[in-house]
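> predicted structure and sequence below. I'll ask about it afterward.
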Amino acid sequence: MKSPATLVCLLAVGLHLAASLPAAVVNDGNSTNNLTRLSNVNGVADATATLTVSGGSLNATQAGTAGSFAMRNVWYPANAFPTSGVYSVSADFVPAEVSSERHGGVMGWLNLATNTNKGIAFYVRPAGSDPSFRVSLIDFNAPEDNASANENQTNLFNLDGTTAVGALDSAWAALGTNYVATNFATFQLEFAALTAPGPGAASNATARVTAKVFQGVDASTNPIPVGRTIELLTNLPLPDAANHRFGYFAVWGSIFRSGDTIGVLDNLSATGASVSTNPSTPATLVIVRNGSSVDISWSPSGYQLQMTTNLASPTWTDVPNTVNATQVTLQIASSDAFFRLLQVGVTPVGPQLSIQQSGNSIVVTWPQQLSGYRLQAKTDLSAATWSDITTTNNQHTETAGAARFFRLISP
């Protein structure tokens with residue numbers, strides 16, 4: 001590092017999500033302290049739902065009888081949220097008994113904004129009429145006099161652009177011969193950005209939804225898929241970060257029988273999510289020169305410090321002894337150095353900002369299919385203020401000149 005002026009702090013740098021990356025366990029079934037329940041606002045009569053710890057897993061139970069429609073429930077972690085519209089979430093579920101009333105799985109794309117309260121659920125109906133794996137839109141604000149609004153395939157489309165329906169060749173999938181309802185299964189929802197506008201009625205689609213079920217592992221410890229992979233499109237708007245959540249999903253699927261234990265949930269996990277006490281409050285990195293060394297500190301804990309000497313390189317190096325630490329002292333080297341923080345055990349995912357030179361201009365872009373982000377810039381990283389930059393279709397062009405630093409922020 002040549003001087004304090006050449007030190008650059010990079011926070012919340014997005015990475016491309018690799019399929020081989022392990023998911024971070026957000027809730028391991030040993031506690032409900034970080035979970036908040038959302039159930040139907042209307043039509044539930046005297047029904048109530050609870051989630052209790054039992055032997056390292058979570059028992060989902062309904063007491064009482066629902067009114068107009070079966071009461072849907074999601075338990076979401078208040079301190080975990082997707083960092084973009086590209087992520088996956090999974091949860092384990094086994095019904096307490098193999099019956100038509102006991103449904104469970106996982107929910108993503110949950111929007112907690114006022115007057116919204118909608119999410120996409122993926123769950124199993126293990127018995128009864130049409131036993132199947134199902135992807136549905138859940139509207140927790142559904143009016144009491146409109147049972148069909150509680151759960152349906154609104155805002156979901158088949159890949160050919162036709163409207164998705166509750167059928168085994170659309171938003172549902174047959175259980176298959178290798179699914180064992182008395183064993184835990186893992187329900188996984190993946191959300192991916194579109195590379196082009198959706199076809200037909202899905203022309204305004206915002207994400208591709210892929211739903212998979214796994215049960216057991218093979219000789220190489222790879223998860224064994226069961227049933228058909230369900231692939232759909234959705235045109236639900238991407239929730240803003242402050243209101244975007246995911247969680248465990250469970251339903252006592254009857255309005256005639258009093259509730260009972262629905263089933264057991266465990267291992268709520270996510271890839272492409274951040275875990276934070278506040279989704280709008282990033283970590284703070286401070287660099288201070290002290291003679292021939294620099295003192296680098298950050299808060300809160302739970303981060304790994306990384307560095308690189310070349311921002312054009314995709315490779316960052318872990319700074320030794322900084323996992324879950326909050327301070328390190330480094331000797332000043334002869335070259336520039338750049339630092340960033342990554343959360344331990346969580347792979348951050350967000351739009352990748354591309355900066356390229358075109359003649360005497362520079363062009364700053366990020367994927368056009370991702371909305372809800374603002375481009376900001378400043379010329380001095382020690383300054384407190386970032387300025388918004390006007391963009392068109394997620395692109396900005398300006399004449400090359402003095403050094404400028406760019407970032408994306410949402411909302």
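Looks like it arrived, so ask away.
> now do Thr317 against Ala70, distance only.
From Thr317 over to Ala70 the distance is 52 Å, taken as Cβ to Cβ, to the nearest Å. No exception for glycine: its C-beta is placed from N, CA and C like everyone else's.
> of those two, who's got more company?
The residue with more neighbours, out of Thr317 and Ala70 and counting by other Cβ atoms under 10 Å, is Ala70; that gives 23 against 10.
> which non-adjacent residue is nearest that one?
In this structure, Ala70 finds its nearest non-sequential neighbour in Gly253, 4.9 Å apart by Cβ to Cβ, 6 or more residues apart in numbering.
> ditto for Ala60
Once flanking residues are discounted, Ala60 sits nearest to Ala250: 3.9 Å by Cβ to Cβ, 6+ apart.
> next up, the contacts around the nearest residue to Phe140 once chain neighbours are set aside.
When the adjacent residues along the chain are set aside, Phe140 lies closest to Asn117, with 4.0 Å between them (Cβ to Cβ, 6+ apart). The neighbours of Asn117, taking Cβ atoms under 8 Å, 6 or more residues apart in numbering as the test, are 38, 41, 111, 139-141.
> any chance of JSON lines for these, columns neighbour count, secondary structure and pLDDT?
Formatted as JSON lines, those follow (neighbours: other Cβ atoms under 10 Å; DSSP: H, G, I helix; E, B strand; the rest coil; pLDDT from 0 to 100):
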{"residue": "Leu38", "neighbour count": "20", "secondary structure": "strand", "pLDDT": "92"}
{"residue": "Val41", "neighbour count": "13", "secondary structure": "coil", "pLDDT": "88"}
{"residue": "Asn111", "neighbour count": "19", "secondary structure": "strand", "pLDDT": "94"}
{"residue": "Asp139", "neighbour count": "22", "secondary structure": "strand", "pLDDT": "95"}
{"residue": "Phe140", "neighbour count": "21", "secondary structure": "coil", "pLDDT": "93"}
{"residue": "Asn141", "neighbour count": "14", "secondary structure": "coil", "pLDDT": "91"}
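> where does pLDDT dip in the chain?
Low-confidence segments of the chain (pLDDT under 70): 1-23, 114, 273-283, 299-302, 311-314, 324, 334-335, 343-352, 367-372, 410-411.
> partner strands of the helix or strand Trp298 falls within and their direction?
Per DSSP states H and E: Trp298 is located in strand 293-299. Under the criterion DSSP bridges, strand 293-299 sits next to strand 284-290 (antiparallel), strand 327-331 (antiparallel) in its sheet.
> of all those strands, which lies closest to Tyr373?
When the strands paired with strand 293-299 are ranked by distance to Tyr373, counting by Cβ to Cβ, first place goes to strand 284-290 at 21.4 Å.
> buried stuff in that closest one?
Within strand 284-290, the residues that count as buried by 16 or more other Cβ atoms under 10 Å are 285, 287.
> again, but for stretch 238-249
238-241, 243-249.
> my guess is Asp46 meets Thr65, correct?
Yes - with contacts counted by Cβ atoms under 8 Å, Asp46 reaches Thr65, the gap being 6.6 Å.
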